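# quick one, structure for this:
(2 chains)
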Amino acid sequence: MKTILDWLDERVGWRKIKEVIFDRLIPKGVDWRYTLGSITLFFFILQVTTGILLAMHYSPSPDHAYDSVKFISNNVPMGAFLRGLHKWGATGMVVSVFLHMLRVFFMGSYKFPREVTWLSGVFLFFLVIGFGFTGYLLPWDQKAYWATTVGSKMVEQVPMVGQYLGSILKGGEDLGAITLTRFYAIHVLVLPALTLLFMAFHLFLVVWHGISAPPERTSRSGDVPLTDKDPNWKEKVKARYLELKHQGKSFWPYIIFKDTVAITIVFIIVAAVAIWKGADLEDLANPTDTTYNPRPEWYFLSVFQLLKYFPGSLEAFAIVLLPLIVVGILLGLPFFDKGPKRHPMDRKWLVLAGWAGLLGVIVLTVQGGRSPLTNPVVEKDPLIMEGKRLFTDLHCEYCHSLNGHGGTVGPALDGVGMRRDHNWLANHFKNPEKISPGTKMPNFNLLDSEVECLVAYMSSLGGGSFTAKAPRIFEENCTVCHKFHGVGEEIGPDLSHIGSVRDAAYIASYVTDPQKMNPDAAMQSLAEALTPDQIKDVANYLAQQGK
Amino acid sequence: MKDTKHNSGAPEDPQRRTFLIGLIAAMVSFITLVLGGSGALYFLSPAWRGRKENWVAVGPISGLKEGDPIKIDFVQRKMDGWNVIQSPSSVWVVLQKGEWVAYDPHCTHLGCPYRWDANKKAFICPCHGGVFSKDGNVVSGPPPKPLMRYPTKIENSTLYILPEGAKA
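I've put the predicted structure just below:
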């Protein structure tokens, strides 16, 4: 064994590497606040690992992206968990990199001799934001599509060159296939490569200069405060650092232990959230949808909220100048805050400004998160959405008409849900000849899952008839919580257009047992207040709303 | 700072040191196990996740004539990952000893599409002259084995075949 280790040492020099990296002394006072950088590094490793696995089942094209992501969640073992880890790992990374930055800011760790370490860190921060922005387009769901639409529109606001910048970002005039492949390439190739490069540089500098010691008042020993007027202040700073360093412990295992404990706790939290919350997937991106409420990822909410305060004429100012100011402050920080003063009490104004900025970001984020959703939130039945898609893909309208469009070979499908029950429809799709002998409808050899979707869609076309009492029943029992054509409370969702997304059967089951249909529903069952016939009546009435 | 003299640091307690290293190893193993384990399940799953049987309806048997084999064209829809793909295909169907037999439409020699010759009462391959009898056996020519058969089943008087289950 020893000979092997010696042989390797002669060729790789691992003993020297171990001495420089692992046996180096870490200054006294390095505590839990210093684990944030390691946590961020861990998140990067987590994102790379889960990202590589996700990429194995992902297809970056508008035709396939959504389905492939759904496939990962529903069909690949551990797929939902890994997607959850990737999503919440991203959130965790934004949080940890931000907190790491705040730690460095408040402790003045960016000052001599670590200015370049700070600069490389600022670039890494931008890269993390870039990962976030390019990453959430990839599932190609509503959130992805609309958030990116808004993002690219913001870029287009830039005076003079906005249009060009927008085209470069989107890879063309419109948000589409090329946008997706470009974002994908940037997300999985460009950004990881740049991050590795900057991270290697950043970590090299951390080892080269040593981890900064906790800040001390410059007048600690009662003598004259150390300022940059002192021609030897740099030497004094270095000497004091060496002193503190020699009072400290070695990186391995003492500091690594702290890092590992912090990383393990954070990992357990992220894994728990990944299992508990998972990674959601909204409906397929739909450029024609006018009922969607676009909201950015939470870490962009402050920008989202800020933009509301600028009227049209000042919009360009907000979009160009504000980010430039933020970038300028971050990059310029070590150049306008120089000298040996690191302790917050020695930098009162700057620290105060930092707190003010932080408070501003927090307030804007909270306000952005609270801003009311303008469009009523209507839960859509995924089966019906899927059925609608399949209806188009199979070109059913070549033979059947719906709402006056389509062929006349087969019967019109308006209100077919009223005429045919689930069983009839399912058997019809599986074997048309058997249900209607002599039919011209071909047997498509549909998969069972496809039959299910088509049946759901067909059943949603036209509910049963309702009685004159139905509006009355609704008014007495439902408007206490639901808004309906401008009347009623806003505790539950607005139901004015519910018929466009839900069929009568679904509504009836929901009213009977809300938690069965949606475990998070706050609504109480009305099964005791209403008879089954009344529920059916109201459901049929609602199913006609917004057709 | 290129100072690496580690003997000048705080005094070390060897027992505490070993204890910490043990804990680090335990925590790192835990994370590796969770992440590596789920990653391995994800990556290796194709090894044990079999193909789903995908029976294809080729037509009601009332429409099929007994006697000479007939060729039926059909479109098979199947899952390819997250995709549904449609592949047009055909099958030779014949009633034999009261049982429906479905032949893969490719010659077992080099995969050419053979046809039924009603006069010679044999399947004839146009490429290298392979000849098969009605029951699929090689009569003459280069084919090394009889025609491949698809499993068949009748449900609701409709004939179904399983193209993925072709056997000699």
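# okay, now the unreliable bits of chain B?
Filtered on pLDDT under 70, chain B yields the residue ranges B:1-12, B:63-65.
# now with 80?
For chain B, the stretches with pLDDT under 80 are B:1-12, B:50-53, B:59-67, B:97-98, B:156-157, B:168.
# can you get me a residue count around the residue of it found nearest chain A?
Minimum separation of chain B from chain A (CB to the nearest CB) falls at B:Trp82, amounting to 3.6 Å. (Each C-beta comes from the backbone N, C-alpha and C, glycine too.) Neighbourhood size, B:Trp82 [other CB atoms under 10 Å in any protein chain shown]: 20.
# list the contacts of residue 57.
No chain was given, so I picked chain A. Counting by CB atoms under 8 Å, 6 or more residues apart in numbering or on different chains, A:His57 touches A:Ser68, A:Phe71, A:Ile72, A:Val76, A:Gly79, B:Gly81, B:Trp82.
# that was the other one, I meant chain B.
Here B:Ala57 is in contact with A:Lys430, A:Asn431, A:Asn443, A:Asn445, B:Phe74, B:Thr158, B:Leu159, B:Tyr160 (criterion: CB under 8 Å, 6+ apart).
# I'd guess it is in a strand, am I close?
Yes - assessed with DSSP: H, G, I helix; E, B strand; the rest coil, B:Ala57 lies in a strand.
# spatially nearest residue to whichever residue of chain A sits closest to chain B, not counting backbone neighbours?
Using CB to the nearest CB, the closest approach of chain A to chain B is made by A:Phe71 at 3.6 Å. Spatial nearest neighbour of A:Phe71, excluding adjacent residues (CB to CB, 6 or more residues apart in numbering or on different chains): B:Trp82 at 3.6 Å.
# quick one: B:Val28 and A:Thr260 touch, right?
Yes - if you go by CB atoms under 8 Å, B:Val28 and A:Thr260 touch, sitting 6.5 Å apart.
# the more surrounded of those two?
Per other CB under 10 Å, whichever of B:Val28 and A:Thr260 has more neighbours is A:Thr260, with 23 against 14.
# how close does the residue of chain B closest to chain A get to A:Gly368?
34 Å (CB to CB, to the nearest Å).
# swap in A:Ser436?
Counting by CB to CB - A:Ser436 and A:Gly368 are separated by 55 Å.
# got it, and A:Ala468?
Distance, A:Ala468 to A:Gly368, using CB to CB: 45 Å.
# between these two, tell me which one has more neighbours.
A:Gly368 (20 against 8).
# so that one sits in a helix?
Yes - applying three-state DSSP, one finds A:Gly368 inside a helix.
# in contact with it, which residues?
A:Leu301, A:Ser302, A:Phe304, A:Gln305.
# which pair of the residues you listed spans the longest distance?
A:Ser302 and A:Phe304 (7.1 Å; CB to CB).
# hang on, the residue of chain A closest to chain B packs against B:Gly81?
Yes - between A:Phe71 and B:Gly81 there is a contact under CB under 8 Å: 6.2 Å.
# between those two, tell me which one has more neighbours.
Between A:Phe71 and B:Gly81, counting by other CB under 10 Å, A:Phe71 is the more crowded of the two (19 against 14).
# can you tell me the helix or strand for that one?
Using DSSP states H and E, A:Phe71 maps to helix A:65-75.
# same for that helix, what does it pack against?
helix A:79-106 (3 or more CB pairs under 8 Å, 6 or more residues apart in numbering or on different chains; DSSP states H and E).
# and the helix or strand that the helix it packs on is followed by, how far from the chain's centre?
Going down the chain from helix A:79-106, the next helix or strand is helix A:115-135, by DSSP H and E. Counting by CA atoms, centre = their mean, to the nearest Å, helix A:115-135 is centred 17 Å from the centre of its parent chain.
# quick one: buried residues of helix A:115-135?
A:117-125, A:127-128, A:130-135 (16 or more other CB atoms under 10 Å in any protein chain shown).
# run through who's touching that helix.
A:47, A:90, A:93-94, A:97-98, A:100-101, A:104, A:109-110, A:151, A:183-184, A:186-187, A:191, A:194-195, A:198-199, A:201-202, A:205-206, A:209, A:297, A:299-300, A:327, A:330-331, A:333-335.
# next structured bit after it?
Note on helix A:115-135: by DSSP H and E, the next helix or strand toward the C-terminus is helix A:142-156.
# among the contacts of A:Gly368, name the ones in helices.
A:Leu301, A:Ser302, A:Phe304, A:Gln305 (DSSP state H).
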